[in-house]
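[1] Please find the sequence and the predicted model below.
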Amino acid sequence: MSEFEPVGYKSDLVRPSYAYSAATLTEPLPAQPLRVSFSSIKSLKSAEGNPPPPIQVSDAAPAESAEDPELGVLRLQPLFKPPPSQPPIPNLPDQSQTANQPRCRGDVPPDPELGCILIPPPPPPPRQPTVYLLARFDYFRSSNIYSAIDPIDDGLARPGITLYAAPRLGPNTFLTASVTGNLVRYSTQTQINYNELVFEASIFQVLSPSMFGRIGWTNQRLFIASDDILGLPKGRRFLDDHAIRLEISRKDQITSRLYLNTFYQLRAGFANPRDRSRIINSFIASLNYDIQPTLQFGLDYQFALASFTHQPREDQFQQVGVHLAHTMFRNTQIYLFVGYSFGRSSAPLVDFDGLVFGVSLSATLGLF
């Protein structure tokens, strides 16, 4: 079973998971519209053409709201009269005429027609969720899906669900934790179907408005999904891989619609069986163009260098491709990818050359 593991290189560009967490943690919530309310005004001017006296509104019985065709919704605040015993303020003209006139809050004179106008402060933004539920369905196909010198054209379906938590530790720091379950099912080579369970924990840091960092731990466990392999019963774990990861990602805006995403990861894995332990340096670059606010086109490049620590093997893998992403709803996206993979390996039976195609449907729900 371990010889089929290099499929992981190729499937990374089918909606890479690193894009999810950064976007979820840093995307601003939609702003709430500002509303201004006012009390009903039956007449702005008296019959003689002079402005009426300022309208006073009782604190105990607020005036009924209405909407003005030009001003929108306004709300009149109660007028404030200075106490009669207040001493006159020196050096003010016509002091005897203005001392007893009604005043608005803040000692502001009322508008001669509208009275005291109060614009309430905007409501506080809604609270960013801390726990998310992510559902995904990936389909991946390659003309050399097992990266072998004798190519086999096959595809795999990978439905999965992730429970993701990201409590905030500081203004720009998050503690992230997740558990993911995936079912991996091949189209023709069904005897090697397997189930995947992944645990992750990390510290996510916003380094700048366009740069993010992460250091964390991952545990990947793979289990046989059928009894078709002699001597390996269904449910047996055939890979247990613990890894420490260091990641840096950036988003550089080139124009209002064009931007470059880059991602680097250093991963040190400690696996059982030990011959799957390796150190991987991987780099992904994606040049994206927003055709519409909900439709994105991109050019992608991936490079991975893997050095196995318990066997004399080194892999160098590369992949180029294009993708199209469409956001159907606010938290639901479909992602299409097609490309070509190539590279070299010191293992004589490994060959990475092949065409690749993938489609991914994902939906994110903020729970609380």
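    Yep, it's here. Model, not experiment: these values are computed from the prediction.
[2] so where's the stretch 51-200 of the chain uncertain?
    Scanning the stretch 51-200 of the chain for pLDDT under 70 picks out the ranges 51-102, 106, 118-119.
[3] repeat that for 80
    Within the stretch 51-200 of the chain, the segments meeting pLDDT under 80 span 51-121, 125-126.
[4] ranges for the helices of it?
    All helices of the stretch 51-200 of the chain, identified by DSSP state H, counting those that start in this stretch, fall at 95-98.
[5] show me the residues around the residue lying closest to Ala225 once chain neighbours are set aside that make contact.
    Of all residues beyond its chain neighbours, the one nearest Ala225 is Asn193 (4.1 Å), with distances taken as CB to CB, 6 or more residues apart in numbering. (Glycine included, C-beta is placed from N, CA and C.) With CB atoms under 8 Å, 6 or more residues apart in numbering as the criterion, the residues that contact Asn193 are 183-186, 224-226.
[6] just Asp315 next, same as before
    Taking CB under 8 Å, 6+ apart as the definition, contacts of Asp315 comprise 6, 9, 304-306, 343-347, 350, 352.
[7] Let's see that with 10 Å instead.
    Remark: with contacts taken as CB atoms under 10 Å, 6 or more residues apart in numbering, Asp315 is in contact with 6, 9, 147, 278, 280, 304-308, 343-347, 350, 352.
[8] Counting only strands, which of the residues you listed make the cut?
    Of the contacts of Asp315, the ones assigned to strands by DSSP state E are 278, 280, 304-308, 343-345.
[9] among those, which ones are buried?
    Among those, those classed as buried by 16 or more other CB atoms under 10 Å are 278, 280, 304, 306, 308, 343, 345.
[10] Now the helix or strand harbouring Thr364: buried residues?
    Element membership of Thr364, judged by DSSP states H and E, is strand 354-366. Of all the residues in strand 354-366, those buried under the rule 16+ other CB under 10 Å are 354, 356-362, 364, 366.
[11] now swap in stretch 161-176 and tell me
    For stretch 161-176, a neighbour-count test (16+ other CB under 10 Å) marks 162, 164-166, 174-176 as buried.
[12] quick revisit: in CSV: the contacts of Asn193, plus neighbour count and distance to Asp315.
    Below are the contacts of Asn193 laid out as CSV (neighbours: other CB atoms under 10 Å; distance: CB to CB, whole Å):
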residue, neighbour count, distance to Asp315
Leu183, 14, 26
Val184, 20, 21
Arg185, 17, 25
Tyr186, 20, 22
Ile224, 20, 24
Ala225, 19, 26
Ser226, 15, 28
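[13] from those residues, which is closest to Ala243?
    Distance from Ala243 was checked for each of the contacts of Asn193 by CB to CB. The minimum falls on Val184, at 18.7 Å.
[14] Tell me how far that closest one lies from Ser226.
    Counting by CB to CB, to the nearest Å, the separation of Val184 from Ser226 is 12 Å.
[15] what residues are shared contacts of these two?
    Between them, Val184 and Ser226 share these contacting residues under CB under 10 Å, 6+ apart: 192-194.
[16] Which one of those is nearest to Pro125?
    In terms of CB to CB, no member of those lies closer to Pro125 than Tyr194, at 43.3 Å.
[17] Quick check: beta-bridge partners of that closest one?
    Assessed by DSSP bridges, Tyr194 has beta-bridge partners Val184, Ile224.
[18] Name all residues that make contact with it.
    With CB under 10 Å, 6+ apart as the criterion, the residues that contact Tyr194 are 1, 4, 156, 182-186, 222-226, 236-239.
[19] so Phe357 touches Arg141, yeah?
    Yes - contact between Phe357 and Arg141 holds when scored by CB atoms under 10 Å: they sit 4.8 Å apart.
[20] Rebuild the buried ones among the ones in strands among the contacts of Asp315 as JSON lines, extending it with distance to Phe317 and pLDDT.
    Converted to JSON lines, these look like this (distance: CB to CB, whole Å; pLDDT from 0 to 100):
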{"residue": "Arg278", "distance to Phe317": "12", "pLDDT": "96"}
{"residue": "Ile280", "distance to Phe317": "9", "pLDDT": "96"}
{"residue": "Ala304", "distance to Phe317": "4", "pLDDT": "95"}
{"residue": "Ala306", "distance to Phe317": "7", "pLDDT": "95"}
{"residue": "Phe308", "distance to Phe317": "13", "pLDDT": "96"}
{"residue": "Gly343", "distance to Phe317": "4", "pLDDT": "95"}
{"residue": "Ser345", "distance to Phe317": "8", "pLDDT": "94"}
